[in-house]
Structure formats: structure tokens, C-alpha cells
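*Asks:* can't give you the sequence, but here's the structure:
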């Protein structure tokens, strides 16, 4: 089945230690998104790629970076995680950026 | 700027009762409209969407929603709640404009509790 895959599902990192979360898709969609979701809140868009074009949200901290080496993969890098970065990180894809988004199962990040 | 309001952060119904989750949006041009469901420690799953055409849309798991332009609403309903419907529900909109990047504007979410 075509899908959005996120690895790992649970990630524990230490304060200040860089961490990378990964997302892959078999849908061959043009657009890939990264969201941060804190407890009892709606997802918050961090950035997205339309093909190779990177689009950063204005309020996304510089601590968050992303890479998309090819159509199928997209990575979220947190350079120096703080306790406030503990959250669920959701990857999503969209074929054209105009329709629905398809979400992966998420990676729950814990910062110790 | 677009915004989405979900009336009621928590809704509790009995099993077998009608489910009604309310969503209103603010936009001068009707946007694309979506309902997503999220189970604990899972991603979001699309329940249904409205883009064009028939204003009553049917989704998965027996849910449906009606787009009412005059009321700027897109309420989600299900005639008979099941225990497995207990989850977080998000209403979301996306701009139809040519400069649209596909950004979803989410409501704050409604937690649905289903009592036996």
C-alpha cells in the first residue's frame, strides 16, 4: 500500500544533542510537510518542500532544518534540542499542494 | 487571514447517539475543507473533504459533513456513535488561490468521548 512512513516512532535525545527524524513516502507526491504537534494542540506547520523548493514558515526557529534529497525522502534536523522541542513530529505529503494531505504516524520526541 | 473555529473542545456522547462536531471558517472565498481524525499517538487520518460539487460529503467510518456557504460551516456528523469513534477530530481549511502552497489551517480540535 502507498503510504507515508516515519522512523523512528519514538526518539529520545539529550538536551542540546542533534537529532534527525526521517520521513519517506511511496505516494510519489510533489509536496512534503513537517509539522510539530504538542499535547492537546493542533499541528503547527514548520516548513514544506514543493519538489526541491524549500518553504519555511516565518515563525519556525532556526534550530529546525530540513533536507529533501529526493522525491521519496525528507528529513527534519533539530540542531540543539531544548526541552520545549519535545513533541510529536508529523510528516505529510500532498500531490499538488492543493488538496488533502496524507500524514505519517508521527515520531514522538522526548528531550531529557 | 483564514481561521477555523471548532465549537467545543470536548464532546461527550453515548454509544449509539448522534455525533455532531461543529466547524466554522472565516474566509472571503470558500476554501477547501477537511476533517481529520487522530487516535492517540497516531498521525492524522483524512475522514472526508469538500472541494467542489455536492455540498453533502460522505467519508469513512460512517461520517459525513455538509458545506453551508451561507453559514461558513462544515459540521461533521455521524448518526450512531461507536466506541471506536473516541478520538481527536480536527477541522482544517486550505486556500483555493493560485498562490496556494497547500498550507492547512487547523481548528483547535475536538476530543470526542463515547460513553458505553
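*Replies:* Arrived safely, thanks for sending. Note that the structure is predicted; figures quoted are calculated from it, not measured.
*Asks:* Identify each buried residue in the helix or strand harbouring residue B:77, please.
*Replies:* Using DSSP states H and E, residue B:77 maps to strand B:73-78. Using 16 or more other Cβ atoms under 10 Å in any protein chain shown as the test for burial, strand B:73-78 gives B:73, B:74, B:75, B:76, B:78. Bear in mind the C-beta positions are built from the backbone N, C-alpha and C, glycine included.
*Asks:* Do I have it right that residue A:90 meets residue A:35?
*Replies:* Yes: Residue A:90 lies in contact with residue A:35 (Cβ atoms under 8 Å); the separation is 4.3 Å.
*Asks:* okay, and the common contacts of the two?
*Replies:* When contacts are counted by Cβ atoms under 8 Å, 6 or more residues apart in numbering or on different chains, residue A:90 and residue A:35 have residue A:43 as shared neighbours.
*Asks:* Show me which residues of the helix or strand of chain B with the lowest mean pLDDT are buried.
*Replies:* Lowest mean confidence among the helices and strands of chain B (mean pLDDT, DSSP states H and E): strand B:104-106, at a mean of 91. Judged by neighbour count (16+ other Cβ under 10 Å), strand B:104-106 contains these buried residues: B:104, B:105, B:106.
*Asks:* wait, what's in contact with the first one?
*Replies:* In this case it means residue B:104. Taking Cβ under 8 Å, 6+ apart as the test, what residue B:104 contacts is A:43, A:45, A:101, B:34, B:92, B:93, B:94.
*Asks:* was I right about the third one contacting residue A:90?
*Replies:* No: with contact defined as Cβ under 8 Å, residue A:101 and residue A:90 do not form a contacting pair (9.5 Å).
*Asks:* Please enumerate the shared neighbours of those two.
*Replies:* Contacts common to residue A:101 and residue A:90, judged by Cβ under 8 Å, 6+ apart, are residue B:44.
*Asks:* Would you tell me which residues of chain A are close to chain B?
*Replies:* Residues of chain A lying near chain B by Cβ under 8 Å from any Cβ of the partner chain: A:4, A:6, A:31, A:33, A:40-43, A:45, A:48, A:50, A:55, A:88, A:90, A:92, A:94, A:96-106, A:108.
*Asks:* Return the members of these classed as buried.
*Replies:* Burial by neighbour count, 16+ other Cβ under 10 Å: within the residues of chain A next to chain B this picks out A:4, A:6, A:31, A:33, A:42-43, A:45, A:48, A:50, A:55, A:88, A:90, A:92, A:94, A:97-106, A:108.
*Asks:* for stretch B:11-29, what is the average pLDDT?
*Replies:* Across stretch B:11-29, pLDDT averages out at 94.
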